[in-house]
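Asker: What follows is a protein structure lacking sequence information:
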C-alpha cells in the first residue's frame, strides 16, 4: 500500500513538473510577441507572457508561479540574449512576481471566481505600484549607468510620445504606470476567461 502511495505521489510530482515546464515554455514564446503602446517609449512593449504564468499560479500556487516566471525569463534570455545588460530581465521578473504573487495568494485562500477576480485586481494594482518604484529607483538608473547615458535621455524618449513628460516623476506617472495598468488589465481579463477551461484539462490530466 505504501509503495502504491509513493508511486502515486511520484506520478503527481512528475505531472506537476510537466505542467510547470509547459507553462514556462509557452510564457517564454509569448515574450517574443511584443506590441508597442502609443503612450509609452518603444522599449516598453506589451506581451502576454504572464497569462500562462498566472494559470500555473492559480493551478498550483504562488511558489509555482514564481518558478514559472523565473524559467520564462531564463529561457527567453538563453534564446535571445539580453540587450539591457540583464536590467530589463531582472525588472521583468520582479514586476511579474509583484503581479502573480498577490493574485495567487488571494485565490489560494478560497478558490472561487470572485476571489480570482479580486486577486487579479490586487495583483494589477501591486504590479503597477511596484513597476513605478522599480523603474524610478532601480531599472532606469541602473540602465542609464550600464550604458553610460544620462537619465534625461530616457526621459526624452517619454517626452517624444507625451509632451507632458518632463522629468523622471512624470515619466513614471504618465508612461510606466499606465503601461503596467493596461498590461495587468489585459492579462487579467484573458486569464479570468481562460483559466476555468484550462483548469478542467489540468485536473483531467492529473488523474
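Answerer: Done, it's in. The structure presented is a predicted model; accordingly, all values stated were derived computationally and were not measured. Numbers count the residues shown, from 1 in each chain.

Asker: helices or strands up against the helix or strand that contains residue 90?
Answerer: Using DSSP states H and E, residue 90 sits in helix 87-109. With contacts taken as 3 or more C-beta pairs under 8 Å, 6 or more residues apart in numbering; DSSP states H and E, helix 87-109 sits against helix 50-60, helix 62-80, helix 113-134, helix 140-146, helix 177-206. (Glycine included, C-beta is placed from N, CA and C.)

Asker: and the longest one, which residues are buried?
Answerer: By that I understand helix 177-206. Neighbour-count burial for helix 177-206, counted by 16 or more other C-beta atoms under 10 Å, picks out 177-180, 182-184, 187-188, 191-192, 195, 198, 202.

Asker: For residue 90, state which of the residues you listed is nearest.
Answerer: residue 180 (15.9 Å; C-beta to C-beta).

Asker: follow-up on the earlier one: so for the helix holding residue 90, what's the average pLDDT?
Answerer: For helix 87-109, mean pLDDT rounds to 94.

Asker: Please name the residues that touch the closest residue in space to residue 77 that isn't next to it in sequence.
Answerer: Closest residue to residue 77 apart from its sequence neighbours, by C-beta to C-beta, 6 or more residues apart in numbering: residue 89 at 5.6 Å. Going by C-beta atoms under 8 Å, 6 or more residues apart in numbering, residue 89 touches 73, 76, 77, 82.

Asker: what do you get if the cut-off is 10 Å, keeping everything else the same?
Answerer: Neighbour list for residue 89: 73, 74, 76, 77, 80, 81, 82, 83 [criterion: C-beta atoms under 10 Å, 6 or more residues apart in numbering].

Asker: Next secondary structure element downstream of the host helix or strand of residue 20?
Answerer: Assigned by DSSP H and E, residue 20 belongs to helix 2-31. Note on helix 2-31: by DSSP H and E, the next helix or strand toward the C-terminus is strand 35-36.

Asker: Report all helices and strands that that next one contacts.
Answerer: Here strand 35-36 touches strand 45-46, going by 3 or more C-beta pairs under 10 Å, 6 or more residues apart in numbering; DSSP states H and E.

Asker: just to revisit the earlier point, quick check: buried residues in the helix holding residue 90?
Answerer: In helix 87-109, counting by 16+ other C-beta under 10 Å, buried: 87-107.

Asker: That one vs helix 62-80, what angle?
Answerer: Relative orientation of helix 87-109 versus helix 62-80 (axes from the mean of the first three to the mean of the last three C-alpha atoms, to 10 degrees): 150 degrees.

Asker: So what's the gap between helix 87-109 and the chain middle?
Answerer: In terms of C-alpha atoms, centre = their mean, to the nearest Å, the centre of helix 87-109 is found 6 Å from the chain centre.

Asker: Likewise for stretch 14-25?
Answerer: Remark: stretch 14-25 is offset 17 Å from the chain centroid, using C-alpha atoms, centre = their mean.

Asker: now swap in stretch 42-58 and tell me
Answerer: Centroid displacement of stretch 42-58 relative to its chain, using C-alpha atoms, centre = their mean, is 4 Å.

Asker: for this structure, what are the low-confidence residue spans?
Answerer: Within the chain, the stretches with pLDDT under 70 are 1-12, 203-207.

Asker: which residues does the residue nearest the centre of it contact?
Answerer: The centroid of the chain falls nearest to residue 96 when counting by C-alpha atoms, centre = their mean (3.1 Å). Residue 96 makes contacts with 27, 49-50, 53-54, 65-66, 68-70, 72-73, 123, 127, 130, 183, 187, as judged by C-beta under 10 Å, 6+ apart.
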